[in-house]
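K.L.:
Task: produce atomic coordinates for the following.
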Amino acid sequence: MTSLAELIQIFQSGALSHDAFFAQIDRALATDPTNCTRLREVLDETQTKDPLPDDVYAEVVKHIERFAATEVQFGDETRVQVAPPPVARAAVPASAGETNGSSDTLGARGEGLAASGERVKGIGDTLNGRFVLEECLGVGGMGTVYKALDLRKLEAADRKPYIAIKVLNVQFRGQPTSLIALQREARKAQTLAHRNIVTVHDFDRDGPVVYITMEYLSGSPLSRMLREPGFAGVPYDKALPIIAGMGNALAYAHERGFVHCDFKPANVFLTDSGEVKVIDFGIARALRRPDDESEATIFDPATLGGITPAYASPEMFEHREPDPRDDVYALGCVTYELLTGRHPFNRVSALQARGEKRQPERPKDLTSRQWRTLKAALSFDRQTRTASVEHFLDGMGANAPARRMPAAQAVNTAHAGSGAVLARKRSRTALAAGAGTCVVVIAVGTAVWYGYRGGQTGADTARDRQPVSDVAAAGASSSASTSSTGIVVPRAAPSPADLPRVLASLPCSALSASVQGSSVSVRGYVGEHDGLAHLRNALAGMTGAGVADANLDVRSVGENECDVVKAFAPFWVSTHQAASIAWGTSIRTKARNGQLTEGSPLVLDLTTPGYDTYVSVDYYVLDGSVVHLVPSRREKDNQAPPNYSATIGGMGEWVIAKPLGSEMIVLVATPAPLFDTLRPETEPRAAYLAAVDARLKAIAAKYGEGRIAVDFAPITTRPAAH
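P.N.:
The predicted model follows:
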């Protein structure tokens, strides 16, 4: 019977149809399913020399794994069938080149299981009793990516129980240094925190099986769009946001000393929400020489087949040191294919194209400058190739902010499909004080809602909906004390325009007001000591402005939170004005009304404003310190697209612990990074607020105060019930 390698050659020559190709594979597997392990090894080896298209390769893997799921090994253990048996298929007549009666099965040569006797992990298997592999999402130079159900998240009724897992292929796992290389990969990938890069967060092993956990997102690889029948390219304006997303990811990595080394359409992921993500930095290598000599041995893509010939630069075949210009060549190939629907050199390797003196044809609709840039990126010589990704983006016109804004629309119109990658697994961190440990405490006190949202008595409700004139009469005695505190209340002919100034003068407050006719609605935060009385007195002074009715939706904050509220109040007020560009920015706890018990996880839902932002989430602790949740060592990626919603803390990173009391979490979204480097995990509140004040003033001066979005999330904790 024809071997797998020979069958692939026949298929690639066009002498075998797609259906006949897979029918022969299924025939061989049905004849002897115990050869699944060996077939997978042969497939991996063949893919490095004469690669199949990514979608065909992934389909072959699925066929092998479907049969592997029903494989019975010769041992004493009882195995549970984890997938239905394969559907019977019609036999395909032997090809003319076959020898009748041969006992060899497809590519197996009678070798059966791998020497180790290990079973290939595939669909239906469970890793470490936790991750159930449900669907094959794609393949890469190191292994296969699966959609996996996280049983712990399912047990916790998490809304998003799925993650993505990359299981290393047998060939890679067989290398003595594979685990070290994988560990290094995870560590390096954690430093690449960018909105256009999918970050590898952790790795683990289940016996001989080594795997990486990643965030799962819905979408499809760029390769799927490029391989669609009849695909003839994307118009320049539609392609530009995709080009910018790819380039931004690579440029960011290059700035930090990393080269991707295997950039190709299958490693560009287009999410259903319109984001461009570069994946599989798994074989990226540091440009800088490591300080630790033990780091000198690194995973070399050339030794384990971790490159794709159609997109690899000539220098990679020559085993030269990685260089950002290797990625420039690959980016040029992908860009050309995106614009035209075809590879610039008909998918042959750079070495072959150079030997045959091939030249790419000029795509239509490109300006002279754009064509010069693209052609230079495709140069077979590093010295004449475009010097950097930044130069490439500039030359292609992809660096203008105005041109980047419609990226989500462009991606959504340029592709369709679902199903790909990516998942986070973070370490569980108990935020508690302990001897010899960093003090990171989650503690909160009781907060009270006033107005219409509960937490108030019937008398309070009636009072809050009284005409302002009645409130003024009822609170005449407190009005005198109010004036002694220095609160400014208009005395003569006030107007509705005075209301923001009046509210801003109240101590320990962040209040937003709207006026409709003779009714005023106020929402926000006031101090728990006399804050509500001060607000009512201030509104009572507005009766001369024609305000007859007041609707209050305010929450009290503890005295220890007043400095935080004061620092961010102007931006909170600006954010929560109906006409604000930042309208809709919010942060909330999963727990009802922010009520949390000791030992429970802190999980936060946040929504960003309608423009690109850098997100900061800080936890202001009862002891006068501040803990930085985002960005932090665990959450480096803090870039967000417009109107982005996310949940943080869902993996149990932060746990409520003593002491318990009233505290505050603050979301700040800015058009530029709040700080250029990571802050310490925890630091004194006063020093941090001073630093934040200086940065917010600088950002406001450059971008406008209205571009700084702020929201508060007061929380309350109490002892766990026993």
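
K.L.:
what's around residue 205, how many residues?
P.N.:
Neighbourhood size, residue 205 [other Cβ atoms under 10 Å]: 14. Any C-beta I mention is one placed from the backbone N, CA and C, and that applies to glycine too.

K.L.:
Name whatever forms a beta bridge with it.
P.N.:
Going by DSSP bridges, residue 205 is paired in beta bridges with residue 210.

K.L.:
how near is it to residue 216?
P.N.:
In this view, residue 205 and residue 216 are 20 Å apart by Cβ to Cβ, to the nearest Å.

K.L.:
and what of residue 650?
P.N.:
From residue 650 to residue 216 the distance is 12 Å (Cβ to Cβ).

K.L.:
list residues touching both of these two?
P.N.:
Common neighbours of residue 650 and residue 216 (criterion: Cβ atoms under 8 Å, 6 or more residues apart in numbering): residue 160.

K.L.:
quick one: which of these two has more around it?
P.N.:
residue 216 (24 against 20).

K.L.:
would the more buried one count as being in a strand?
P.N.:
Yes - counting by DSSP: H, G, I helix; E, B strand; the rest coil, residue 216 is part of a strand.

K.L.:
can you offset everything so residue one is 54?
P.N.:
With the count now opening at 54, the last piece we talked about shows up as residue 269.

K.L.:
and it, what are its bridge partners?
P.N.:
For residue 269, the beta-bridge partners under DSSP bridges are residue 475.

K.L.:
same check, this time on residue 648
P.N.:
Residue 648 has these beta-bridge partners by DSSP bridges: residue 769.

K.L.:
For it, give its distance to residue 401.
P.N.:
Residue 648 is 64 Å from residue 401, by Cβ to Cβ.

K.L.:
for residue 204, same thing?
P.N.:
Noted for residue 204: a distance of 46 Å to residue 401, by Cβ to Cβ.

K.L.:
could you give the mean pLDDT of whichever helix or strand residue 627 is part of?
P.N.:
Using DSSP states H and E, the element containing residue 627 is helix 615-628. Mean per-residue pLDDT for helix 615-628: 94.

K.L.:
Equivalent analysis for stretch 644-661, please.
P.N.:
Mean per-residue pLDDT for stretch 644-661: 87.

K.L.:
Which positions within it qualify as buried?
P.N.:
Of all the residues in stretch 644-661, those buried under the rule 16 or more other Cβ atoms under 10 Å are 644, 646-647, 649, 651, 653-661.

K.L.:
So residue 60 belongs to a helix, correct?
P.N.:
Yes - counting by three-state DSSP, residue 60 is found in a helix.

K.L.:
Can you tell me the SS state at the nearest residue to it once chain neighbours are set aside?
P.N.:
Excluding its sequence neighbours, the residue lying closest to residue 60 (Cβ to Cβ, 6 or more residues apart in numbering) is residue 77, at 6.2 Å. Three-state call for residue 77 (three-state DSSP): helix.

K.L.:
for residue 631, same thing?
P.N.:
Residue 631 - assigned by three-state DSSP - is coil.

K.L.:
residues contacting it?
P.N.:
residue 567.

K.L.:
Now do the phi/psi pair for it.
P.N.:
Main-chain torsions, residue 631, degrees, to the nearest 10: phi -60, psi -30.

K.L.:
Residue 623 versus residue 740, what's the distance?
P.N.:
With distances taken as Cβ to Cβ, residue 740 is found 21 Å from residue 623.

K.L.:
Just want to know which of those two has more residues nearby.
P.N.:
residue 623 (16 against 11).

K.L.:
what's the closest non-adjacent residue to the more buried one?
P.N.:
Nearest one to residue 623, counting by Cβ to Cβ, 6+ apart, is residue 758 at 7.1 Å.

K.L.:
give the contact list for the one you found.
P.N.:
Counting by Cβ under 8 Å, 6+ apart, residue 758 touches 623, 624, 627.

K.L.:
okay, those residues in a markdown table with distance to residue 427 next?
P.N.:
Output for the contacts of residue 758, formatted as a markdown table (distance: Cβ to Cβ, whole Å):
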| residue | distance to residue 427 |
| --- | --- |
| 623 | 47 |
| 624 | 43 |
| 627 | 43 |
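
K.L.:
between those, which is closest to residue 316?
P.N.:
For those, the residue nearest residue 316 by Cβ to Cβ is residue 624; the value is 39.5 Å.

K.L.:
Which strand residues bridge the nearest residue to that closest one once chain neighbours are set aside?
P.N.:
Closest residue to residue 624 apart from its sequence neighbours, by Cβ to Cβ, 6+ apart: residue 763 at 4.1 Å. According to DSSP bridges, the partner residues bridging residue 763 are residue 721.

K.L.:
count of residues packed around residue 763?
P.N.:
Residue 763 is flanked by 25 other residues according to other Cβ under 10 Å.

K.L.:
Please name the residues that touch it.
P.N.:
Per Cβ under 8 Å, 6+ apart, neighbours of residue 763: 621, 624, 625, 628, 638, 719, 720, 721, 722.

K.L.:
of all those, which comes closest to residue 275?
P.N.:
residue 722 (28.9 Å).

K.L.:
Surely the closest one touches residue 663?
P.N.:
No - Residue 722 is beyond contact range of residue 663, at 10.5 Å (criterion: Cβ atoms under 8 Å).

K.L.:
which neighbours do those two share?
P.N.:
Residues touching both residue 722 and residue 663 by Cβ under 8 Å, 6+ apart: residue 635.
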